[in-house]
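pasting the sequence and the predicted coordinates here, then a few questions.
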Amino acid sequence: MICPCQQQQPNPKAYAQCCEEIHLGKVPKSPEQLMRSRFSGFVLGLGDYIARTWHASTRPSELVLTADDQWLKLDIIKAQGTQVHFRAYFKDSDGFAVLDEISNFVFEDEHWFYVDGKTDTHSVMLGRNDVCLCGSDKKFKKCCA
Ligand SMILES: [Zn+2]
Ligand SMILES: [Zn+2]
């Protein structure tokens, strides 16, 4: 199985070679690794993992997750210092949309934690000849248009 954080990327890594070992307890070395593993955790519905990588100061008191296959693609725009800027594409009732977020992380007790983020969600307009975002590898006009 391709790792959820690697969907629709060139040379995608398998889940077993990417986020799985982190979900199983390996400590993420960077905010980007943590961010990727949290994205994959959201897709796979790993509520416990999401909760324990969320800083106590901002963690929701209740977190119930179910696997969510609406998430289609993750692009890391920039990872620097304690911030990661990413775009996560998903399908909604009107078509495709993207969550653009600059996340803040903190390093405490030898672990990185997610603190909070500045988010912006908007719909994605694909051109007829663009590759469809659903992952089919087809042109949009021959796929989900
Ligand atoms: Zn991954
Ligand atoms: Zn499609």
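Yes, it's here. This structure is a prediction, so every number in the text was calculated from the model and none was measured. Numbering: from 1, shown residues only. Ligands and ions are numbered 1, 2, ... in the order given.

CA atoms for contacts and neighbours, from now on please.
OK.

ok, the closest residue in space to residue 127 that isn't next to it in sequence to ligand 1 distance?
Once flanking residues are discounted, residue 127 sits nearest to residue 140: 7.1 Å by CA to CA, 6 or more residues apart in numbering. Relative to ligand 1, residue 140 is positioned 26 Å away (CA to the ion, to the nearest Å).

and if you look at residue 64?
21 Å.

mind listing what the spatially closest residue to that residue that is not a sequence neighbour touches?
Nearest non-adjacent residue to residue 64, counting by CA to CA, 6+ apart: residue 47, 6.1 Å away. Residue 47 makes contacts with 41, 63, 64, 65, 66, as judged by CA atoms under 8 Å, 6 or more residues apart in numbering.

from the residues you listed, which ones fall inside helices?
Of the contacts of residue 47, the ones assigned to helices by DSSP state H are residue 41.

from the contacts of residue 47, pick the one nearest ligand 1.
Nearest to ligand 1 among these is residue 41, at 9.1 Å by CA to the ion.

pLDDT wise, what is that closest one at?
Here, the pLDDT recorded for residue 41 equals 97.

please apply the same query to residue 111.
With respect to pLDDT, residue 111 has a value of 96.

in a helix, residue 117, correct?
No - under DSSP: H, G, I helix; E, B strand; the rest coil, residue 117 falls outside any helix and is assigned strand.

what does the chain put close to ligand 2?
132, 134, 143, 144 (CA under 5 Å from the ion).
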